[in-house]
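> What would the 3D arrangement of this be:
(chains A and B)
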Amino acid sequence: MGNGTLTKTDNFKSWFMDKLLMGMSWPEYSRKLITPFNIVAAIILCIGIPLLVIRFIYGLSTVTHASHDYPWGILLGWGLFGGVPLSATGFVMGTAYYIFGFKGYKPLVRLGILAGFMGYLFAVIYLLTDIGRPWRIYYPMIMGFGTASVLFLVAWHVATYLTVQFLEFSEAILEWIKSKRVYRWATMIVIGMTIAGIILSTLHQSALGALFLLAPGKLHPLWYSSYLPIFFLSSSIYAAMAMVIVISTLIAKYVKHAADSNFLGNLDRLTVGLGKGACIGMFVYFALKVVGIAHDNNWYLLGTPYGNWFIVEMLAFIVMPAIVLTYGVKKNNAGIVRFGAFYAVLGVIVNRINVSIIAFNWNLPNHLHHIIPPWQEFAIVAAIATIHILIFRWIINRMPVVREDLEYKEFH
Amino acid sequence: MDENFKGPAAEEQQEHTENKIDKGSALKLSRRGFLGSIAAAGSIALVGSYKDASASKNFSGWPDRYGCLTDLTACVGCRSCEKACNEVNKLPMPDISFEDGSVFKGKRRPTEKSYTVVNQYKNPKDESSPIYRKVQCNHCNEPACASACPIHAYTKTPEGAVIYDPDKCFGCRYCMIACPFYVPAYDYNSAFEPKIVKCTMCYETRLKSGSMTACAEACPTGTITFGKRKDLIKLARKKIIEKPDRYIDHIYGEHEAGGTGWMYISGIPFEQLDFPVNLPKKPLIEETKGFLGAVPVVFTVWPAFFGMVYAALRHRDNLDKENKNHNDKKEAK
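Residues are numbered from 1 along each chain as shown, chains lettered A, B, ... in the order given. I've put the predicted structure just below:
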C-alpha cells in the first residue's frame, strides 16, 4: 500500500469521525446511542417499518381502513394537514428576520428554516405512503395539468417550496462541510428565496384549506366556509411561532450540547417575543372564525352536537392557549409562554383533524365509528414521526443550526 | 411554475376552443380539456375571436350529451341492471349473487367490483312495496371529480360520459373527496396498479358506437330511460305533470351540483332515499374559482410588496449608518 493511499484513508477516517460521529470513534459513538429515548424509538420503528413494507407489497388495504367513503385518513390528516401548518416556521422566521428586519431573532432563524424544510419533506413522505402509486408523484408536472384543481397548485407549490427551503438551509450544510465558494453564492440568493417562500407559503397553506371548498355537501357547515383558505393561512402563522418555541424548548432541554451560549442565553427573551406574536395571531384567527360563522349565519348550528364540539375547539383550543400565551407574555415568563405554545400547537392539530377527518362526512351514518383508523395506520404514522425526530436530531447535532460556526461569523 | 399561476385563465381559454370544435372531431377531447401546453393555449388566446371569448363564459355543456332518467317509482329491485353492467364491463362476480334478495339487508355503494348497486328503502306510503334506488355515477355536467384531479385523468366526453384514465392517475383520491354523490371507489387491494373504479356510462363498450347503456337496456320495467339530456328533462316534466299524485315535483339532477347527466324522479322526497340534498345549484368548481383567481394576484403583488418592505428597511438602515458616521466625525472634530 502506497503512502498516498494511507494518508487519504486517514483523512477520510478523521473526516468521517469528525463530521458523522461528532468526533467520537465507532465504539464510543455506538455506546452513546443506547439511551432510553433511542430504545423506545427503536421499538416503534421495529413495528412501523415492517408495516410500511407490507403496505408497499400488499397494498393500502392491509394497513388502512381502505374505505371508499373515507379516502383520506390520519396519514394525511396528521401528516399533511397537521404537519404543513406547523412547518410554516421557515417562512415565518425567514420573513421576520430577512424582510422585516427583526435581527434579534437570528439564533432561531436557521432552526425555523430547518424545521420548515423537514416538515415539508415529511409531509411529502406521508403523502407518498398514502397515495396509490407514489412512483408517479411527478405526474402533475409532466403527464397532465389539472389547472382547475387546487391539488395541482398544492403539488407544484410543495415541490417548489421544498427546493426553496433546501436552498435556504444549504448555508448550514455548506458551513458543515466547510465550503467557502459555494457558500458565498448561497448567501446571495437568500432574499430572493425568502420572498419566493412567502409567495409559495401564502398560497399553499391557504390551498390546503381550499381543497375542501370542493366538498360543500360533505364538510360540516361550521367548518366549511368560503374563508377556509384564510383560516388555514392565518392559523399557520401563529402555529409557526408556537412551533419554533416548542422545538427550541425541546432542543434546550434534550440536545443542549449542540447549542451555543448565544442560543441558550437569548432563548427566554426570544420565546416571550415569539409568544407575543403568536397570541396576537391567535386572536386574529379567532376573530376570523367568528366572522366565518356570522358570514354564513350558522349560529343556530352551535347547539347541535357538532356545534358543541366546534365550541370546544374555539374555546379550549384557540381562546385558552391564547390566554395562556397572553398571561405568559404579560408576566414576561418564558415557562408559561412555552406551555401556551405547546397548547397552541395542539390546537392547530385539533383544527386540521377536525376539518379533514371529524367534520368530514359528518352526515354519513355511523360516521364517528368509521373514522377510527386501524392500529396499523397509527403504527406507520408513529414510525414516520420517529424517523422525523431522529433525522432532525442528527442534523442539529452535526450542523451549525442552533450554534454559530465561528469561521463563518464574518459572513453573517 | 408558469403553468401554475396561469391556471384558471388557461382553463377558460381551453373551454372556448372546445366549444368551437364540432362533435365528431372532439370525441377525444375532454370537457375541461387536456392542456397540452401553455404555448398552445396562449396562441389560441391571441388568435381567438371576441365572439369565442364570450362563448367561453357561457359554455353550459355539450349540447347533445346523453343521460339517463331513473323513475324510482317503477323499479322493482330485480337487479337486472347490476347483472348487465357486470357482464358488459367484465367486472368480477359479486359476493352475493344477483338473484339473492338478502343483499338488500344493508345499504351498499359502488365499489371496486361494481359500478352500480340497487338499495332498498321502506315506502312510507305502502309498507308492502318497498322503494328501490339505483346508485351509479351521475355523470355531472361539470364533474367535481374532474375539477379535483391534478393530472387531468378525468374527461367529460361530448356524449356526456365522465370517464377516467388509470394511466394518468397517481392515486391521491381527491376525486373521491370531491364527488358529492360518493361514487368513485378505489382498488385498495392492489399494491402496484391501484385505480379508481366507477361507472363509465358504458362509454367504450356501447355509448361510443351509439348504443344505450347496458343497465337501461336490461331494465324490464322501463325504470331507466336513456336519451339526450334535454329530452329527458322534458320527459320527466311530462311525467310529473301527468301524474302529480305519483311523483313529487322535483327532478333530482336537473340542477344539483350544476346538473347531472343521470337524473331521477321519485314518489317520496329524495332525502328519504339518502340522496344528498344539501348541494349548491352551481357546479362545485365555482366554490374554488375565487381562490384560484387570487393565485396570480399573490404571485405578482407579493414580490413587489415584500421587496419594497425589504428595500425600505435597508434604506433606513443606511440612513442610520450615515447619520452615525456623520455624528462620529463631528465629535472627532
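
> and the stretch 251-400 of chain A, which residues reach chain B?
A:F360, A:N363 (C-beta under 8 Å from any C-beta of the partner chain). In short, each C-beta sits where N, CA and C put it, glycine included.

> Spell out the residue ranges of the helices in the stretch 251-400 of chain A.
Ranges of helices in the stretch 251-400 of chain A, per DSSP state H, counting those that start in this stretch, are A:261-296, A:305-314, A:320-330, A:334-353, A:367-370, A:375-398.

> weakest of these in terms of mean pLDDT?
Averaged per stretch, pLDDT over those is lowest on helix A:367-370, reaching a mean of 89.

> Buried residues in that one, which are they?
A:H367 (16 or more other C-beta atoms under 10 Å in any protein chain shown).

> Low-confidence regions, the chain specifically.
I'll assume chain A. Residues of chain A meeting the criterion pLDDT under 70: A:1-10, A:409-412.

> Hmm, no, I was thinking of chain B.
Residues of chain B meeting the criterion pLDDT under 70: B:1-60, B:333.

> ok and the residue in it nearest chain A?
The minimum distance from chain B to chain A, using C-beta to the nearest C-beta, falls at B:G171 (2.1 Å).

> which phi and psi does that residue have?
The phi/psi pair for B:G171 (degrees, to the nearest 10) reads phi 90, psi 30.

> Check the gap between B:M308 and A:I195 for me.
11 Å (C-beta to C-beta, to the nearest Å).

> do the same with B:P180
39 Å.

> Repeat that for B:K208.
51 Å.

> if you count what's nearby, which of the two comes out ahead?
The neighbour comparison of B:K208 against A:I195 (other C-beta atoms under 10 Å in any protein chain shown) goes to A:I195, with 23 against 13.

> Surely the more buried one is within a helix?
Yes - secondary structure of A:I195 (DSSP: H, G, I helix; E, B strand; the rest coil): part of a helix.

> who are the neighbours in contact with it?
Contact partners of A:I195, counting by C-beta atoms under 8 Å, 6 or more residues apart in numbering or on different chains, are A:I99, B:W302, B:P303, B:F306, B:G307, B:Y310.

> Which of those residues sits closest to B:K125?
Comparing these against B:K125 with C-beta to C-beta places B:W302 closest, at 60.2 Å.

> number of nearby residues for the residue lying closest to the closest one once chain neighbours are set aside?
In space, and not counting its chain neighbours, B:W302 is closest to A:I199: 4.7 Å by C-beta to C-beta, 6 or more residues apart in numbering or on different chains. If you count neighbours by other C-beta under 10 Å, A:I199 ends up with 24.

> what sits against A:I199?
With the criterion set at C-beta under 8 Å, 6+ apart, A:I199 makes contact with B:V298, B:F299, B:W302, B:P303.

> Where helices are concerned, which of the residues you listed count?
B:V298, B:F299, B:W302, B:P303 (DSSP state H).

> Out of those residues, which end up buried?
B:V298, B:F299, B:W302.

> In CSV, list those along with distance to A:V401.
Shown next, in CSV, are these (distance: C-beta to C-beta, whole Å):
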residue, distance to A:V401
B:V298, 30
B:F299, 31
B:W302, 27
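
> which one of these is nearest A:V402?
Once C-beta to C-beta is applied, the member of those that ends up nearest A:V402 is B:W302, at 29.8 Å.

> Smallest gap between chain A and chain B, at which residue?
For chain A, C-beta to the nearest C-beta, closest residue to chain B: A:G132, 2.1 Å.

> Can you report how many residues lie near that residue?
A:G132 has 23 neighbours, counted by other C-beta under 10 Å.

> right, and it touches A:S61 too?
No - using C-beta atoms under 8 Å as the test, A:G132 is too far from A:S61 to be in contact (10.9 Å).

> circling back: A:T147: which of the helices of the stretch 251-400 of chain A is closest?
Comparing those by C-beta to C-beta, helix A:334-353 comes nearest, at 26.0 Å.

> A:N297 and A:Y224: what is the separation?
For A:N297 relative to A:Y224 (C-beta to C-beta), the value is 13 Å.

> for A:Y98, that is, sorry about that
For A:Y98 relative to A:Y224 (C-beta to C-beta), the value is 36 Å.

> before we move on, what about A:L214?
11 Å.

> between these two, which one's more packed in?
Of the pair A:L214 and A:Y224, A:L214 is the one with more neighbours under other C-beta under 10 Å, namely 27 against 22.

> tell me the angle of the strand or helix carrying the residue nearest to B:W302 relative to helix A:334-353?
Using DSSP states H and E, A:I199 sits within helix A:190-210. With axes from the mean of the first three to the mean of the last three C-alpha atoms, to 10 degrees applied, the angle from helix A:190-210 to helix A:334-353 works out at 50 degrees.

> Now helix A:190-210: buried residues?
Buried residues in helix A:190-210 (16+ other C-beta under 10 Å): A:190-191, A:193-210.

> ok, and the closest non-adjacent residue to A:R136?
Closest to A:R136 by C-beta to C-beta, 6+ apart is B:F170, at 3.8 Å.
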